[in-house]
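[1] my questions concern the predicted model and sequence given below.
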Amino acid sequence: MISINTSENKKIYFASDQHLGAPTQEASFPREQKFVRWLDEIKMDAEAIFLLGDLFDFWFEYKTVVPKGFVRVLGKLAEIKDSGIPIYFFVGNHDLWMCDYFETELNIPVYHSPQEFTINGKSFLIGHGDGLGPHDKGYKRMKKVFTFKPFQWLFRWLHPDIGVRLGQYMSVKNKLISGDEDAKFLGEENEWLVQYCKKKLTERHYNYFVFGHRHLPLEIELQENSIYINLGDWIGYFTYGVFERSGFSLNGYK
């Protein structure tokens with residue numbers, strides 16, 4: 001478990017679901033610029049930054065090739081990390097084929113499952129959020145296929161011009177990128193991540209559960225001193241989380 005203590009006037013920032021590259025590189029370029037501006041602003045008082053997945057709408061790492069584009073956001077992340085600010089990256093369902101590029105090129109650790117952190121003495125469980133909780137068995141089966149090493153090995157034999165274009169096409173066809181099918185609150189009993197968090201609370205206590213994936217900003221009190229937070233997205237909401245000594249808040253960026 002990683003423990004973080006913030007210095008005076010320093011903050012922990014959280015963001016998720018930028019889906020850069022969707023529906024096209026050109027269409028997402030203003031979102032990339034906006035996200036880079038946000039990163040440039042928060043570096044002034046950031047103790048650490050958590051990126052909770054789907055930064056890219058599609059990502060696949062060949063042995064010597066990564067998808068073209070995104071140099072502004074990659075450069076800004078490199079600048080921030082080189083300045084000494086820790087960045088933690090969690091893969092989402094759209095960039096789950098991330099391997100070691102962030103770790104070797106940017107020195108940013110990459111996580112493929114939820115992780116526990118202690119921040120200023122508060123316990124956090126942090127992750128992207130896909131495939132957690134009950135139901136959604138179709139996606140869980142699909143994820144097992146996509147994370148199956150022999151399948152990734154076979155996909156890697158496609159020429160990058162074919163493989164990346166095919167991956168981008170399949171990703172854009174996924175309605176979750178726009179939140180059209182997933183951006184309405186379903187009630188606590190039907191929110192799978194809420195059910196997942198409640199089950200985790202039967203195993204141990206967490207002060208904060210922080211996830212993305214839902215494309216919907218949410219703050220739900222699960223029990224006393226335990227809150228589930230969903231960060232929303234950078235497609236329609238442009239929301240992000242901030243944790244400081246006074247507590248956790250969701251904010252919008254304009």
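    Structure's in. What do you need?
[2] low-confidence ranges, the stretch 1-150 of the chain, go.
    The stretch 1-150 of the chain contains residues with pLDDT under 70 at 137-138, 140-145, 148.
[3] where exactly do the strands run in it?
    2-4, 11-15, 46-51, 87-90, 110-111, 115-119, 122-126 (DSSP state E, counting those that start in this stretch).
[4] what are the contacting residues of the last one?
    Contacting residues not belonging to strand 122-126 are listed as 14, 50, 52, 88, 90, 114-118, 197, 200, 205-211, 243 [CB atoms under 8 Å, 6 or more residues apart in numbering]. Every residue, glycine included, has its C-beta placed from N, CA and C.
[5] gap between Asn120 and Gly84?
    19 Å (CB to CB, to the nearest Å).
[6] which one's more surrounded, the two?
    Set Asn120 next to Gly84 and count neighbours by other CB atoms under 10 Å: Asn120 wins out with 15 against 6.
[7] count of neighbours near Glu224?
    Glu224 - counted by other CB under 10 Å - has 6 other residues nearby.
[8] check Trp153 too.
    Neighbours of Trp153 (other CB under 10 Å): 9.
[9] wait, Phe35 touches Thr239, no?
    No - using CB atoms under 8 Å as the test, Phe35 is too far from Thr239 to be in contact (12.0 Å).
[10] now do the shared contacts for the two.
    With CB under 8 Å, 6+ apart as the test, Phe35 and Thr239 reach no residue in common.
[11] give me the buried subset of the contacts of strand 122-126.
    Those of the contacts of strand 122-126 that meet the buried threshold are 14, 50, 52, 88, 90, 114-115, 117, 197, 200, 206-211, 243, by 16 or more other CB atoms under 10 Å.
[12] now the helices for the protein?
    Using DSSP state H, the helices of the chain run over 25-42, 71-82, 101, 137-146, 149-156, 160-173, 192-201.
[13] between the first one and helix 71-82, how many degrees?
    Inter-element angle recorded for helix 25-42 and helix 71-82: 20 degrees (by axes from the mean of the first three to the mean of the last three CA atoms, to 10 degrees).
[14] helix 25-42 to helix 160-173, inter-axis angle?
    Going by the same axes, to 10 degrees, helix 25-42 makes 80 degrees with helix 160-173.
[15] what's helix 25-42 packed up against?
    Applying 3 or more CB pairs under 8 Å, 6 or more residues apart in numbering; DSSP states H and E, one finds that helix 25-42 contacts strand 11-15, helix 71-82.
[16] residues making contact with the last one?
    Contact partners of helix 71-82, identified using CB under 8 Å, 6+ apart, comprise 18, 20, 32-33, 35-36, 39-40, 43, 46, 49, 55, 87, 105-108.
[17] try it again with 6 Å
    Contact with helix 71-82 is made by 32, 36, 39, 43, 87, 106-108, as judged by CB atoms under 6 Å, 6 or more residues apart in numbering.
[18] which pair of those residues spans the longest distance?
    Farthest apart among the contacts of helix 71-82 by CB to CB are Glu32 and Asn107. That separation is 21.5 Å.
[19] settle it for me: which of those two has more neighbours?
    The neighbour count for Glu32 versus Asn107, taken as other CB under 10 Å, is higher for Glu32 (21 against 12).
[20] the more buried one against Ala22, yeah?
    No - counting by CB atoms under 6 Å, Glu32 stays clear of Ala22, with 11.0 Å between them.
[21] would you mark the buried spots in stretch 219-231?
    Buried residues in stretch 219-231 (16+ other CB under 10 Å): 220, 222, 226-231.
[22] just to revisit the earlier point, nearest to Tyr139, out of the strands of the stretch 1-150 of the chain?
    strand 87-90 (17.1 Å).
[23] burial count for Ser249?
    With other CB under 10 Å as criterion, Ser249 counts 13.
[24] many thanks, we can stop here.
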